[in-house]
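Engineer: Need a 3D model of the following:
(one chain, ligands or ions: 1)
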Amino acid sequence: MAKKAAVSACLAGKNCRYNGELKGNPEAMAKLERQGCEVVLFCPEDACFGTPREAMDLTATPEGIKALTKYSRQDRTAPIAEYAEKFFDEHSNIDLFVGKARSPSCGVRTARLYDEEGNLLSEKEAGIMAAEAKARGIEAVDDEAL
Ligand code: SF4
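Structural biologist: Modelled structure (predicted):
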């Protein structure tokens, strides 16, 4: 049976990035196609906040890791986590998660984590949606590592 892959929509060339810029990964999409994968696209940030929108950073706070907007410091963690839960509940047969590298929502092992003063703590974190995929035991990979 064909593998079912959940893939960050921006990798397929969708105009859903925070700044509206296109940043697809045709090589990754072609690889999934060659493998006969059925692809399901998702974009938590576009669904929750629209495009364009303020960029956000993963930030270590006393209450845990949060996704905060870069300048206005709004906490966007809960809507993204809720989107992720609903997505995986509705698509319970996902075999593979392919996330956009370095995204605070979708990065699998490449998202940057900052402290509350903006100092870089790590470049190996999982974004909010990628963390949900991993917590559910779904094989997960950054697009650049596919
Ligand atoms: S990295 Fe994720 S949240 Fe960001 S534009 Fe792509 S699909 Fe949307």
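Engineer: Enumerate the residues of the chain near the ligand.
Structural biologist: Taking C-beta under 6 Å from any ligand atom as the criterion, the neighbours of the ligand within the chain are 8-10, 16-17, 43-46, 100, 103, 105-106. (Each C-beta comes from the backbone N, C-alpha and C, glycine too.)
Engineer: So for this protein, the centremost residue is which one?
Structural biologist: For the chain, the residue lying nearest the average C-alpha position, counting by C-alpha atoms, centre = their mean, turns out to be residue 106 (1.2 Å).
Engineer: What sits closest to that residue if chain neighbours are left out?
Structural biologist: Nearest-residue entry for residue 106: residue 99, 3.6 Å, with adjacent residues in sequence omitted and distances by C-beta to C-beta, 6 or more residues apart in numbering.
Engineer: Could you check how far that neighbour is from residue 61?
Structural biologist: As for residue 99, its distance to residue 61 is 23 Å (criterion: C-beta to C-beta, to the nearest Å).
Engineer: who has more neighbours, those two?
Structural biologist: Neighbours were counted for residue 99 and for residue 61 using other C-beta atoms under 10 Å; residue 99 has more, 28 against 12.
Engineer: Who are the contact partners of the more buried one?
Structural biologist: When the contact criterion is C-beta atoms under 8 Å, 6 or more residues apart in numbering, the partners of residue 99 are 8, 105-108, 127, 129-130, 133, 140-143.
Engineer: Strands along the chain, start to end?
Structural biologist: Taking DSSP state E as the criterion, the chain carries its strands at 4-8, 38-42, 56-61, 64-69, 96-99, 111-114, 120-125, 139-142.
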